[in-house]
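Asker: Just to be clear, the model below is a prediction. Sequence and coordinates:
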Amino acid sequence: MRRPRRNHSPAFKAKVALAALEGNATLTELAQRFDVHANQIAEWRRQLVSRAAETFTDGEPREAPIVEEHPNSRTCEHPNSRTRLTVAV
């Protein structure tokens with residue numbers, strides 16, 4: 001029988017990701033200790049490293065770069081992403 005989906009708190013994710021960054025234990029050992037799959041730990045570690053610089057921002061919103069768009073183009077934004085895709089039609 002499958003285990004029900006679990007929602008981990010941001011504090012727990014940070015704790016696990018920091019433990020992975022320390023390098024004192026393998027992902028397999030951390031997975032057993034925290035009862036989380038090793039691939040999930042690797043993903044949280046990757047997210048922590050990629051977003052570390054955001055910790056030191058001053059909280060001011062950044063202006064988006066100016067992009068010239070073709071009159072026949074369409075811009076799509078994924079709701080969970082900061083990237084835009086512009087396609088000429």
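Answerer: Nice, thanks for sending it over.

Asker: Going by C-alpha atoms from here, please, whenever you check contacts or count neighbours.
Answerer: OK.

Asker: confidence score at the nearest residue in space to L27 that is not next to it in sequence?
Answerer: Leaving aside its chain neighbours, L27 sits nearest to A38 (5.4 Å; criterion: Cα to Cα, 6 or more residues apart in numbering). According to the prediction, A38 has pLDDT 96.

Asker: So which residues of this structure form strands?
Answerer: Taking DSSP state E as the test, the strands found in the chain are 73-77, 84-88.

Asker: and those, which one's lowest on average pLDDT?
Answerer: strand 84-88 (a mean of 55).

Asker: close enough to count as contact, T28 and A38?
Answerer: Yes - taking Cα atoms under 8 Å as the definition, T28 is a contact partner of A38 at 5.8 Å.

Asker: who's in contact with the residue nearest to L27?
Answerer: Counting by Cα atoms under 8 Å, 6 or more residues apart in numbering, A38 makes contact with 27-28, 30-31.

Asker: Can you go through those and name the buried ones?
Answerer: By neighbour count, with 16 or more other Cα atoms under 10 Å, the contacts of A38 hold 27, 30-31 as buried.

Asker: nearest to R3, of those?
Answerer: Distance to R3, by Cα to Cα, is smallest for A31 among the buried ones among the contacts of A38, at 15.8 Å.

Asker: how much space is there between the closest one and Q40?
Answerer: Distance, A31 to Q40, using Cα to Cα, to the nearest Å: 9 Å.

Asker: same question, M1
Answerer: Counting by Cα to Cα, the gap from M1 to Q40 is 20 Å.

Asker: Which one's more surrounded, these two?
Answerer: Q40 (15 against 3; other Cα atoms under 10 Å).

Asker: List the buried residues in stretch 43-61.
Answerer: For stretch 43-61, by 16+ other Cα under 10 Å, it's 44-45, 48.

Asker: What is the nearest of the residues you listed to D58?
Answerer: L48 (18.3 Å).

Asker: Nearest spatial neighbour of that closest one, chain-adjacent residues omitted?
Answerer: Beyond its immediate neighbours in the sequence, the residue positioned closest to L48 (Cα to Cα, 6+ apart) is A17, lying 6.8 Å away.
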